[in-house]
Structure formats: C-alpha cells, structure tokens
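Student: Sequence first, then the predicted structure, then my questions.
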Amino acid sequence: MNSVHLLPEITIVSGGIHCRVVMRSTKWRGGVKRLLFTIAIVLVGAGIVAGSVWFLMGQQAEPATLRAKVSGTAVTPQGNLPHATLDLSIYPNSTANNPGPTGGMYDFVDKLGWPFYSPSTSLQLPAHSLVTVTVRQYDSSTTVWNPYFAKVHGTVDGTVKYNGVAKTQIDPADVAHTFTIHQYPQSTQPYFFVSVPMLAVGNNAKSLANGYPKPEVMEFSFITGAPGNYVWNCEDPCGNGYVDFGGVMSERGMMSGKVKVV
Amino acid sequence: MSQTAVIHEQKAVPQPKQHGKPGGFLYRANIFTGLIGGIGAAVITYAIGDKLVPWGTQNADFSQVGLNALVFCTFAAWVIGFMVGIGAFAGPIRWALGHDLTHVDAEYMAGKGQGRMKYWKYTTDHKVVGIQYLIMALVLFGFGGFFAMLIRTELGATWREVFDPNFYNSLIGTHGIVMIIAMIIVVAGPLGNFIMPLMIGARDMAFPRLNALSFWLLFAAVPPLVLNLVMGGIRDGWTAYQPLGTQAPIGMIGYQVCIITFAFSTGIAGVNLITTIVTMRARGMTWARTPIFIIGTLAAAIMGLIWFPMFQYAQVLAASDKVLGTSFFIPQQGGSVWLYENLFWLLGHPEVYVIVVPATAGILELMVVFLRKPLFSYKLAVAGFAGVVGISAVVWVHHMYMTGFAPAAGYPFMLSTELISIPFGFLVLVMLGTMWRGKAWNRLPMMAVYAVIIDKIIGGITGVYLSDVPVDQYMHGSMFVVAHFHYMLMGAGLFAAMGVIAYWFPKMTGRMFDERIGKIGFWTAFLAFQVTFLSMFVAGLQGMPRRVLQFDNAFEISNWISTIGAYCIGIGMLIFLYALITSWRGGKIAPANPWGANTLEWQTETPVPLANFPVLPVVTSDPYNYGVPDPYLKVQEQLDQDDNETVGAR
Amino acid sequence: MSIETQADQPESPTNRPDSTHRMKEWFSRPYVRRILIIFIALNIIIIPIAWLVIHFLELSGGPASSIMEEIETTIFVFTLVSAPLMAATAAVLIYSLFGWGLIKSEEPPMQESPAIRTNAVAVVGWITATSLLAAFLVIWGLVELATITADSYGSTPSSQQPNATKPIDINVTGQQWVWTFEYPDQQRIQSDILVVPINTPLYFNVTSKDVIHSFWVVEMGVKIDANPGAVTNTGFTANKLGTFNIRCAELCGMHHAYMETKVQVVTQAQFDSWIREQGGKRTA
C-alpha cells in the first residue's frame, strides 16, 4: 500500500477502528456540465436580485410629478426671471371623493385619518425662476415643537401672505403643517432652504359641503437656483407615535416628498 | 499504538413504564404540526384580540398602543404555538403527568430509525441539531446576502433613490440583524453541536432536549424578523436605537419578539455547551489536553450566556414602551435614551467576540492538521481566549464615545479597548507560530487561514484607529466603521467559518467537499471582498455617513466600486454554495479520517453512528502530536557544545 | 570534531555572552533572511499608504480646525507605529505561501514540519511588542483626548489655539430632519446654516427635539450626539476660511440622509455683517 505517510501516533484508545485512506483521483468530471450549472445558478441569483429591485421600485407609491406652470416673467431682486406657479392643498384626512395617494404601500396602510398634501408631493420646478406657491390649508393645528419653524425662511422677501396679509411668522400654536424644502447631500447643487409655516383652521371650524372647513390660503414665492434634487417634508408634528413624528410624518407621498429643479 | 479499553459492566437501570402508543403526539409532531400550531395560534390570537382591543384606542400621544399590543401578542402566540405544535413540551408535560419518557422514547426523540424525517422533527441527537443549525445558517445568509445585494444596488445607483427611504432603512437594519444572527450560529451551531461532543468523546450533549429547544426557538424567532419588511419595516439600524424605534410601525415588534426569543435560544444553547464541555469530556481529557476549538467554543458560550440577557432586556423594555406605553427610553416622560444604548452595547461588544472566537478557534484547530505541526503555545492561545472573555466585559462604551453621556468615560474605555488587543494578539501569534516553518497541505480549509489573517490585519489596524476617541470623533457613524466591522465579522469571521465548515464537512455529511468549485467561489468572494470594503474605507475617510441612501457626489466612485465588488461577492458566495450543495448531494464518499487528524471526532466512523463511539475513548495526550524533531535544534546544540568547548579550552 | 561555525573566532575575553551565536545562527537561516526582507519592504510600503489615508481625509476641504489636524496626525502616527507588527504578521504569511512548501495531494501528507510547541523568545518578544504598542497608543490617545477636549471647550486652550477669547455660544437643535442653529448671545438669531468667524472658539450646546441625531462637523473633526432630553457639548476653533459640511451621523428616520447643512467660516467682519442682516430680519 502506498501509505508511506506517517500517520501520527494515535495515542487515543479507539475500539479498534483502523483508518485507511482510500482515494481516487479527482479528474474534472463532467466539467462542462458543472460550469454551466454554476453559471446558471449565478444568473438565477442575479435575476432574483434584479427582479426584486424592479418590483420594490414599483412599491414606492410616490404620486405622479406635479409640474409648476410657467407663465411670463416677474421682477425680482435678482432681475427679471421666469415666473412659475404651483397650487397645493393640505387636507386633514382622506374621503371617498379625495382619497389621497394610492398604490404601493398605501394599499396596506390605514391612511384615512392622515393629512396629506394634494395633488402630489413630487414637485418639479423650473431652475432660475421665481416660483409662487399657493397653498390651501384645511387642517387644524398641532403645536410646533421648534419655534424656528413657526417663522418664514427662504422666501423672496421673507414673508408669506396669510389670507392676503403678509407676515414673517405666526404663532407656534396656530401652525398646522410646514412646507420645508431642504438639501439633498450634493455639494454640486446650490444650497436651498425654504420653510413656510401653514396657518391652521380654527378648532371649531365648520365643515362645508365637501367635508372640509373653509381653508386658510397661503401664498409665497421663492427663487430657484441651478438644477438640483431636493427633498421636502413637514416639520410640524402632525403624525402619531413618538413626538408625533411617526405615522404619516414618516411616509413619502403625504407629508413629505421630492422637489426637482430642472 | 492503541491501548486496550476497560469496559465497565453496565448495570440495568429500571425503566419507566412505556406510555403513549406509537402514534401518540410525540411520535407525530414535526415541523408541519409546528407550523400549524404556530400559525393557528397567531391567527386565533389576532382574531380574538381584534375584537377585544378597540383599534381606535390611542393614548395622549397617539401612539396606537392597542395595535402594537395586538401584534405583539400575535407574534408571541406564533412562537408558543409553534413550540407546542412541534412537541417541545411533550417531555415536560409527560414528566409532570408521571409518564416519564422511556429509553425507547428517548431513542425515538434522538431520531433512531426515522431516516431523513428526523431533520424535520424535534430531534435531540446533537448531530441532527448540528445539521439543522447549518441549514438555518445558510438560509439566514441567503436572506442577508440578498438584502446586501439590494442595499448595494441602492448605493450604486447614485443618481436616484431606488427604494423608498423607509424601506431602505428597514433593509439595512434587517440585513444587519439577520447577518448577526447568522454569524452567531454559523460556527457554534453546526460545529458546536455536531462536532464538539464528538471531539470531547461524549455520546451527546448534556441536555439533549434543550439542544432541540434552542434550535427550534431560533427557527420560531426568524419569521417575525423577516416579516417586518412587509409590515412597515423596522426603519432603524440593526441596533434598533430607541426612541427612533418607537416611531416605527408594527414591523418593529417583529424585531423585538425575534430578539427576545433568540436570546432564550442562545441562553439555552450556552448552558448546554458550557455544561457539556465542563462535565462531559472523555476520561483522561484534562484541560491541558482539550483541543483549542473546545476552549474557544466554551469562551464564546460563556460570553453569550452572560451578555445576551442585556440585549433581550433592552428589547423587552423597548417593546414595553411600544406596547404598554411605558417610557423607559422616552425622555419627554422621564426616560433615558442612554439607558438603551448602554444595555444594547453591553451585549453588542461581547457579541462580536461570540462571533469571532469560535471561528478563530476552529481555524487554529484546522491549521494544526494541515500544517502537520503542533499548535504553537497552546497555553498562550488559552490565555488569549481568557483575556478576550474577561476584557470584553469592560469595553462596550467604545461604541458610545460620541453619545455625550459621560465624556470622561472615553479615557478608561479607550484604555480597556487598547488592552483587549493584547490577548487578541496572542491568538495571532499562535497562528503565526503554527504556520512558521510548516509545510502546508494546500486544501481549501487551509486557504481560509490565509484569508483570515489578511483580513484580521486590516480589520485590526482600522480597529486601532476607531478605538482612539479623537479619531472616532471623525469616524463614528461613517462608512469607515461599516468597513471595519465587515472586515472583522465577515473577513475574519465568515471566511473562517467557510474554511471550518469545509474542514468538518466530511464528518458531518459523509462526503468530500468539492474543492475545485469551492476554491473558485471562495477566492472570488475573497478578492471581491477586498475591493468592496477597501473602497468603503475610502468613502468613510472622505466623510460619507452610514445608513444613508443618497450621498454627496464625492463618494460616488467609491460606492460604484463597492457595488461592483459586492455583486462579485454575491457571485462567489453563490458558487461556494453550489459547491456545498452538490458535494452534499453527490460528492465523493468520505472516509472516516480524510485529513489524518488526531482529534477524537475523526476516530469514529463516517457516517457517525447514533451513539457516536462504540466504546467511549480514554485520552492520554493532547491532540497536537504532529511533526518531526526540529533539525535546527541539533545545530544549536552543537553550537552550544562548541562554545563550551572553546570556553573550556581556555 | 567541532563544526565550523560563525562563532569560530580567535580568542576573545571570557565574559563574551553565550547566546549571540544562537541569535547569529538564527539570522543566518535562509527563510529568516527572506522574511526579514519582506518585513522591511512592507514597512516601507506603509508610508505611502499612511499618506494616502490622510489624502482621502483631506479631499473634502482639508483640516479646518486644530482638532482635525490632531486627528490626522494621530492617524498617521498610529499607522506608522502599528506598521512593524502588521508587517511582521504579513511577512510570515506571505513567506509561508511559497517559502516552506505547499503540498498538493489527496492523502494526508508526510510529516515534515518541525514540531515546535513553543518558543520563549517569540512569546516574550511578541507580548512585549504588543504591550509596548498598546501602551504607546493608549498614552498618545489619552494625552490627545485631553488636548482636543481643551480645544473643544476653549476654556484652557492648547498651544495650538489662539489666545483665549470668550467662545461664541451656539445652540444646535437637531430635529427630524433639519439642523437649526441659534446664537443666544447674538440677539438670539436663528439660522439653518452655521456661520462662524475664523479663529474664534465656538461652544455648542447640542440637543434634539425628537430622536437621537449626531452633530458632525465633518472637516473640523467634531462630532457629538444630539440627544432628546439632554444637552451635550462640543466645540472647536475654525482655522480655515471656506464652506464645509455638517452631516447627521446617527440614523434618525426617513430623511436621515438628507439631514445636511453647511458651515461657513468667514472673517470677523463678514460675520458681524451677517449678524446684522439676520438681526434686522428678525425684528418683524
């Protein structure tokens, strides 16, 4: 036998088991078949990953983009710029006529009692323009924790017209929501920060025919810079859970979304 | 050279009366009855609870306590129902009723005469439990790896958000905890259960029924965790920091129930391992003759047993905050966020040693066989493990340098963190000393040794940076930390585990591991691993925070490289998995001792019979009697002689 | 029958130590020499690697405070002092891949390796080396931590700091998912961008309104968690003009990745005029 190799001294008692190592040569048996199987498995794995990514991307449930309408030019402190307008509404809850965002995860979540921005939270604004946003706000107030967000920041003259009256801040107890645009982490796009508190309807406001009370109307303008991607969210605790920043506050499509400046 | 065995005559022990006919519950229970029990209990609990608990119940801060309680009870019902269904309580209930299990029952529970079906049942045989743990680990790695591919896809597609940010946050958290659980069990589970009793010359573990219990508790713990992704997600990292976790939807409760159950599983397994190792070693196996793998497994089990309750407790309190509306971690109502962090990291640090220590011990064990040399300084290795166990208890705050809870704590914990590198260094010296002048047998398990040492070097130096508080002030919370722990846990942990499993594969499955394909998979994964995580170090150095789905342009290139690398790791791991599965199903039949090793598990047949050894062995020396006398010793002795002669001649 | 050895020398004083011939013999072994060469080569390679690490750190604008400079020095020094041990490990590893022979066989190989169970010199030497390295790292770290703590709090500045001036207090509030800053001593101005004058100590009171955030002023090398219900402190003195990044370094929810803002280091005059501008707006 070719066992010239010296097995170490087995100083362990065994019940008389004697090991003989019998080996056959390892040819590359069925080599091509194995190679094909291996490649197949890798492709299946890649397919599962790609398929899951594609499926999950569709679950994002962000509403269709709302583009600001460009109409004419406006005089601004930075000269004559194209003027774009955007109309948004904030509803306190969903109704049959006004269901809010649907699809994706919203098919599983009970969002009836959640406030939302309508018609969309994905906004597209033109670059280097004056954008005037009009917001109709139908929701009641929740006190904002951080008085910073009861003030107006980033608008072209530092004010917002609340039902026609220009102000630079409102009472923190009267804030229903905010519209706060802040930065994507890209140093190649301009820093962009706009934060506008939304005035709440009174707690005893009567509901009209459409199920909502008479809205407060906010109008404000800001100047966009070079193209870039930004996110925005409401900074007023209007959700549920810990410090009311859970629930709707932590979902895209209702109280937070994306802003694309193109 | 074998010695004759002395067989002591066995006295007949009176057996209890045989209760329960064949066909009784014990004989029918298996994973399917378990699933019926678990899902049934969950559905019933949910249905009843739904009626009892008014969903609209909100307390003052609108936290939907009612829904959280309902979901928690549903998951708890799943776990308990599953354990009932699989027959976990059959033994204790029979004992309480006075119908104790007989020898025949015990053999049945150990899987005698059931063929393949025993792997689907509450089987107590440690070999069956070991295989079950191996499958579970592979499944968990599959999940975790799949999530990793998704994560890297998001990070590679730098121009857009691929996934919803909340889903991405849940994805990274779930990837983390699934991989942590998989790494904890991958060496201590299959090898600690299957190989360890064989290696110490025992017939089974000290508590066979607890062994089965620990595995099936782990099995029951996994669905709540993985289901979180469809229940809104945990939206938090694997650390599940509170109070962020209280904002998360009900998916967080799945995480909490998983950890609470998993901690029970680990505690039970730890008790089992420690008792077996301490009390059931073969005759003559003194501590000095115990293989180093056993020492490593013992060290890990001790750490796990002491520290896992901290993690469990943190989750109990967090669940209580969510379900009962307490405020342990809610500062606005008197709680403390730092309490959670401390409780978590009290386990969080020893946990990484629970992962790395068995893998390292396994590597040390196999190095000896493939280098045909004794282990270099066994005593130093034991001292290394002991030092790691001891000091790991007092380093946890290095994860919390930046929390601000006690700025002065940075000083002593920096000291202890640097100190722990010393016993860890002992293990590195033992590896180097064993490799020194050794002619290596170039098989797959040996290759893992090289991979592990390279990864330990890089992981170690980056750990030195992180242990320094000022440097950590820059690095904490950045991708640098992520790359560091992947080097330690995956580089030095997973690759070691792959080598160790390839080493004991012939004994566990009766077949030889297909090395040709296995090597291709292993080295692909290893090289891709270096590309992925070295690039990640660069991203961290540049200032990229962790747990972000979008980041500055400056980090784009390193992320693209990491993503390509990660895909290649996936390919390599798939190839390795393919090698594993084909070898298991149709590989070459393995002889009893293909590696020519000295330890006890190789001295019994393959496949290992139910009773492990026909006669329990008696050990007369340590298993490291390899090698030939050092030729240079003669040279040195001659030099001494000449020297003495020269001196004497004067 | 004495063998020719390196110790074979003409008569020398009788108090010659015994052990040098063992050491000389060891160093004459071919594998030892080769490992030494690899060891030295690796030590040399570490230097550009250390430089590269610092280079990556500085890519986003370079050190902008004395604290960051300390951190960079530390990283560089730590890399260099750890180099010998890492190089020794790697050298043995590399040599073992080709130097002592690899066996390819199906059967367990012949016993050819020397049965070295231990080596007192190696063990003692290694323990000493690792302990010395650990001691160096600890002492350096403790001293450095004390230094940057002093630099952060500005109260007893280190030698690298300008003369102690009263630090500017800034309250930092982290909220999901925006950083806001308040200057209590500058007419309580609030801002979303941190504007600070150069070469002036700054002292931050950091807190959070909701979950744990982490206030990371990247290029200044300063980080402290923002905890709800508590105020933590840090500080620095900026020594470079420019715009740098502030990022959140603790996962805080959906827009954690987007919780970024800027820190602008300006001259004292620019800072004063910025304050006036902001203060003017505030009084509406």
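Tutor: Arrived safely, thanks for sending. Numbering: from 1, shown residues only, chains lettered A, B, ... in the order given.
Student: Spatially central residue for chain C, please.
Tutor: Central residue of chain C (C-alpha atoms, centre = their mean): C:I75, 3.5 Å from the mean position.
Student: quick one: secondary structure of it?
Tutor: At C:I75 the chain is in helix, as set by DSSP: H, G, I helix; E, B strand; the rest coil.
Student: mind listing what it touches?
Tutor: By C-beta atoms under 8 Å, 6 or more residues apart in numbering or on different chains, C:I75 lies in contact with B:Y465, B:V471, C:A50, C:V53, C:I54, C:L57. In short, each C-beta sits where N, CA and C put it, glycine included.
Student: Of all pairs in those, which one spans the longest distance?
Tutor: B:V471 and C:A50 (13.3 Å; C-beta to C-beta).
Student: more neighbours, those two?
Tutor: B:V471 (23 against 18; other C-beta atoms under 10 Å in any protein chain shown).
Student: Assign residue 203 to helix, strand or coil.
Tutor: Just going to use chain A. Per three-state DSSP, A:N203 ends up coil.
Student: my question was about chain C
Tutor: strand.
Student: which stretches of the chain have low pLDDT?
Tutor: Looking at chain A here, since you left the chain open. Applying pLDDT under 70 to chain A picks out residues A:1-30, A:61, A:104-105, A:107-110.
Student: wrong chain, I was asking about chain B
Tutor: Along chain B, segments meeting pLDDT under 70 span B:1-8, B:19-23, B:53-65, B:646-650.
Student: the strands in it, which residues?
Tutor: Listed in chain order, the strands found in chain B under DSSP state E are B:440-441.
Student: again with chain C
Tutor: C:102-103, C:168-175, C:178-183, C:189-191, C:194-197, C:201-208, C:213-217, C:222-226, C:232-237, C:242-248, C:260-266.
Student: what's the closest of those strands to A:Q169?
Tutor: When the strands of chain C are compared by C-beta to C-beta, strand C:189-191 sits nearest A:Q169, at 10.7 Å.
Student: The closest one near chain A at all?
Tutor: Yes. Legend: contact between strand C:189-191 and chain A by C-beta under 8 Å from any C-beta of the partner chain is shown at C:Q190.
Student: what helices or strands is that strand leaning on?
Tutor: strand C:178-183, helix C:268-282 (3 or more C-beta pairs under 8 Å, 6 or more residues apart in numbering or on different chains; DSSP states H and E).
Student: Let's have the ones you listed in TSV, adding distance to chain B, mean neighbour count and mean pLDDT.
Tutor: Output for those, formatted as TSV (distance: least, C-beta to the nearest C-beta, whole Å; neighbours: other C-beta atoms under 10 Å in any protein chain shown; pLDDT from 0 to 100):
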stretch	distance to chain B	mean neighbour count	mean pLDDT
strand C:178-183	13	22	93
helix C:268-282	25	14	81
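Student: Flag the shaky bits of the stretch 151-284 of chain C, pLDDT-wise.
Tutor: Checking the stretch 151-284 of chain C against pLDDT under 70 turns up C:154-165, C:280-284.
Student: ends of stretch B:538-553, how far apart?
Tutor: Chord length of stretch B:538-553, first to last residue, is 14 Å (C-alpha to C-alpha, to the nearest Å).
Student: Could you list the buried residues of it?
Tutor: B:538-552 (16 or more other C-beta atoms under 10 Å in any protein chain shown).
Student: for stretch A:199-218, same thing?
Tutor: Residues of stretch A:199-218 classed as buried: A:L199, A:A200, A:V201, A:A205, A:Y212, A:P213, A:P215, A:E216, A:M218 (neighbour count, 16+ other C-beta under 10 Å).
Student: a markdown table for the residues you listed, including secondary structure?
Tutor: Shown next, in a markdown table, are the buried residues of stretch A:199-218 (three-state DSSP):
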| residue | secondary structure |
| --- | --- |
| A:L199 | strand |
| A:A200 | coil |
| A:V201 | coil |
| A:A205 | coil |
| A:Y212 | coil |
| A:P213 | coil |
| A:P215 | coil |
| A:E216 | strand |
| A:M218 | strand |
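Student: Let me have the residues you listed in TSV, adding distance to chain B as columns.
Tutor: Below are those laid out as TSV (distance: C-beta to the nearest C-beta, whole Å):
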residue	distance to chain B
A:L199	22
A:A200	17
A:V201	19
A:A205	21
A:Y212	21
A:P213	21
A:P215	24
A:E216	23
A:M218	25
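Student: Closest to B:P374 out of these?
Tutor: A:A200 (78.9 Å).
Student: measure the residue nearest to B:L639 when sequence neighbours are not counted to C:I116 for me?
Tutor: Using C-beta to C-beta, 6 or more residues apart in numbering or on different chains and skipping residues adjacent in sequence, the residue nearest B:L639 is C:H21, 5.0 Å away. Noted for C:H21: a distance of 20 Å to C:I116, by C-beta to C-beta, to the nearest Å.
Student: Quick one: name the residues of the stretch 101-250 of chain A near chain B.
Tutor: A:105, A:108-109, A:184-188, A:239-247, A:250.
Student: 6 Å instead, please
Tutor: Proximity of the stretch 101-250 of chain A to chain B is confined to A:P185, A:Q186, A:S187, A:T188, A:N240, A:G241, A:Y242, A:F245, A:G246 under the rule C-beta under 6 Å from any C-beta of the partner chain.
Student: Run through the residues that contact the first one.
Tutor: Spelled out, it's A:P185. With contact taken as C-beta atoms under 6 Å, 6 or more residues apart in numbering or on different chains, A:P185 is in contact with B:F551, B:D552, C:E260.
Student: circling back to that earlier point, keep only those of the buried residues of stretch B:538-553 that are in helices.
Tutor: B:V538, B:A539, B:G540, B:L541, B:Q542 (DSSP state H).
Student: Now for the first one: which residues touch it?
Tutor: Contact criterion C-beta under 6 Å, 6+ apart gives B:S558, C:F56 as the residues in contact with B:V538.
Student: close enough to count as contact, A:Q60 and B:N166?
Tutor: No. Using C-beta atoms under 6 Å, A:Q60 is not in contact with B:N166; the gap is 9.9 Å.
Student: Looking at these two, which is more packed in?
Tutor: B:N166 (23 against 18).
Student: Can you give me every residue that contacts the more buried one?
Tutor: Residues near B:N166 by C-beta under 6 Å, 6+ apart: B:R235, C:M254.
Student: so how far is A:S256 from it?
Tutor: Distance, B:N166 to A:S256, using C-beta to C-beta: 10 Å.
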